[in-house]
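1. Structure for this input, please:
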Amino acid sequence: MTPESTLDTSAAPSVAAEDATSNAKDLSRWLFLVIGVASALFGLLPWLITGLRLPLQNLWAVETLPDDMPLALLPFSQYHLTIIAALIVIGSATAGLVARALRDRTPRGGLALLVLGVGVVHLVAVTQTAMVVAGGLRDDPMSELYLTGVTAVAVTAVALGLGVLGLIARAPRAGAVIGFTVAALLSSGWLHALLSPQGPAFAGEPPWLFGAVRWVAPVLIGAAIAWAGVNTIGRIIAAVASLAMLWIAPALITGATSAIGSRVLARHLDEMLHYGIGVFRMALLEPSLVVPPLAVAVVVAAGGLVLRALRRDRVRRAQT
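-> Here you go, the predicted structure:
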């Protein structure tokens with residue numbers, strides 16, 4: 001027996017033991033499929049608790065009462081575009097957060113199964129809703145344009161959600177901050193829908209809770225910046241980009257929803273675009289709308305960074 005073979009034989013049990021220990025720490029890959037499905041359903045929760053009745057449609061072929069509208073897995077409507085995006089992206093972000101927390105115990109193929117679970121639920125929801133709406137709309141070009149537009153928004157939200165999932169689950173901290181920011185910007189709409197399934201006019205008690213939701217996004221974004229830190233160029237860029245998104249995205253959403261939700265402008269796309277741009281500019285430059293959220297995000301981020309520095313200093317002192 002050669003020395004090399006003796007060495008290989010003695011090393012084999014050690015390697016096998018390490019593999020066994022690693023496998024023992026890993027969770028079942030099929031658990032990640034369940035996590036993906038559960039996360040997607042969690043994202044849909046604000047809509048699920050409403051009873052799934054499709055919102056009334058302006059282009060519906062037959063006059064129908066609200067309680068007689070068909071069941072749909074998403075609230076397709078030009079008035080609910082932000083909510084559609086929130087229902088989808090929040091579920092994806094939840095899956096990404098769980099995946100990042102479990103990344104040291106994720107087996108080979110586990111993340112792919114998680115993404116599969118999220119994607120299947122969302123694609124089923126979009127497909128089922130599009131088929132239900134298509135079956136009830138009038139047969140005319142305006143109805144086709146409407147259905148195509150709303151479906152495109154939903155499909156784009158699915159793609160955006162998967163991107164957010166990937167950033168949160170696997171990207172370095174700078175990339176994860178961007179994923180957290182996108183989800184945070186949609187969290188307010190998601191929480192409003194959860195707290196008041198019938199709409200803002202039916203918000204329950206206490207009223208301050210419904211109003212406080214507007215501060216959730218800046219707090220989450222500030223916390224994400226503090227978690228990542230600003231000690232590298234990439235993280236500094238991510239922090240600045242997140243604050244810029246907090247400034248621009250709400251104004252963009254306000255402009256788009258104001259224009260698309262106008263029945264008067266529905267048949268005049270050029271006027272709709274002009275109106276939306278005007279609302280966007282106004283919201284973008286209105287100090288009372290822009291400054292408070294940015295200030296909250298900066299304060300939370302600064303406070304978190306200070307706490308991180310104090311903690312590192314305390315650890316260093318304990319080691320010396």
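2. Could you use CA atoms for every contact and neighbour count after this?
-> Fine.
3. Only the buried residues of the longest helix along the chain, if you could.
-> In the chain, with assignment by DSSP state H, the single longest helix is helix 287-319. For helix 287-319, the neighbour count (16 or more other C-alpha atoms under 10 Å) marks 290, 293-294, 296-302, 304-305 as buried.
4. now do stretch 227-236
-> Buried residues in stretch 227-236, defined by neighbour count with 16+ other C-alpha under 10 Å: 227-230, 235-236.
5. Now render those as TSV, adding pLDDT and distance to Leu81.
-> TSV is the format used below for the buried residues of stretch 227-236 (pLDDT from 0 to 100; distance: C-alpha to C-alpha, whole Å):
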residue	pLDDT	distance to Leu81
Trp227	96	31
Ala228	95	31
Gly229	94	33
Val230	93	34
Arg235	96	31
Ile236	96	32
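6. Export these to JSON lines and append columns for secondary structure and distance to Gly278.
-> Output for the buried residues of stretch 227-236, formatted as JSON lines (DSSP: H, G, I helix; E, B strand; the rest coil; distance: C-alpha to C-alpha, whole Å):
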{"residue": "Trp227", "secondary structure": "helix", "distance to Gly278": "36"}
{"residue": "Ala228", "secondary structure": "helix", "distance to Gly278": "36"}
{"residue": "Gly229", "secondary structure": "coil", "distance to Gly278": "36"}
{"residue": "Val230", "secondary structure": "coil", "distance to Gly278": "35"}
{"residue": "Arg235", "secondary structure": "helix", "distance to Gly278": "33"}
{"residue": "Ile236", "secondary structure": "helix", "distance to Gly278": "32"}
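7. Tell me, please, where in this structure the pLDDT is lower than the cut-off.
-> Along the chain, the model assigns pLDDT under 70 to residues 1-24, 198-205, 263-268.
8. for it, what spans make up the helices?
-> Using DSSP H, helices in the chain cover 3-25, 29-43, 45-48, 81-101, 110-136, 141-170, 173-195, 207-212, 216-228, 233-260, 269-284, 287-319.
9. for those helices, which one ends up most surrounded?
-> helix 81-101 (a mean of 26; mean count of other C-alpha atoms under 10 Å).
10. Quick one: list the elements packing against that helix.
-> helix 29-43, helix 45-48, helix 110-136, helix 141-170, helix 173-195, helix 233-260 (3 or more C-alpha pairs under 8 Å, 6 or more residues apart in numbering; DSSP states H and E).
11. List just the one of the helices of the chain that sits closest to Trp60.
-> With C-alpha to C-alpha as the criterion, Trp60 lies closest to helix 110-136 of the helices of the chain, at 5.8 Å.
12. Tell me how far Ile168 lies from Ile178.
-> 8 Å (C-alpha to C-alpha, to the nearest Å).
13. And for Ala93?
-> From Ala93 to Ile178 the distance is 11 Å (C-alpha to C-alpha).
14. For those two, list the residues in contact with both.
-> With contacts defined as C-alpha atoms under 8 Å, 6 or more residues apart in numbering, the residues shared by Ala93 and Ile178 are Val164.
15. re earlier: CSV for the helices of the chain, including distance to Leu56?
-> Shown next, in CSV, are the helices of the chain (distance: least, C-alpha to C-alpha, whole Å):
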stretch, distance to Leu56
helix 3-25, 51
helix 29-43, 22
helix 45-48, 15
helix 81-101, 14
helix 110-136, 10
helix 141-170, 14
helix 173-195, 17
helix 207-212, 25
helix 216-228, 30
helix 233-260, 16
helix 269-284, 22
helix 287-319, 31
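16. of all the ones you listed, which lies closest to Leu54?
-> helix 110-136 (8.4 Å).
17. Which elements pack onto that closest one?
-> Looks like helix 110-136 contacts helix 29-43, helix 81-101, helix 141-170 (3+ C-alpha pairs under 8 Å, 6+ apart).
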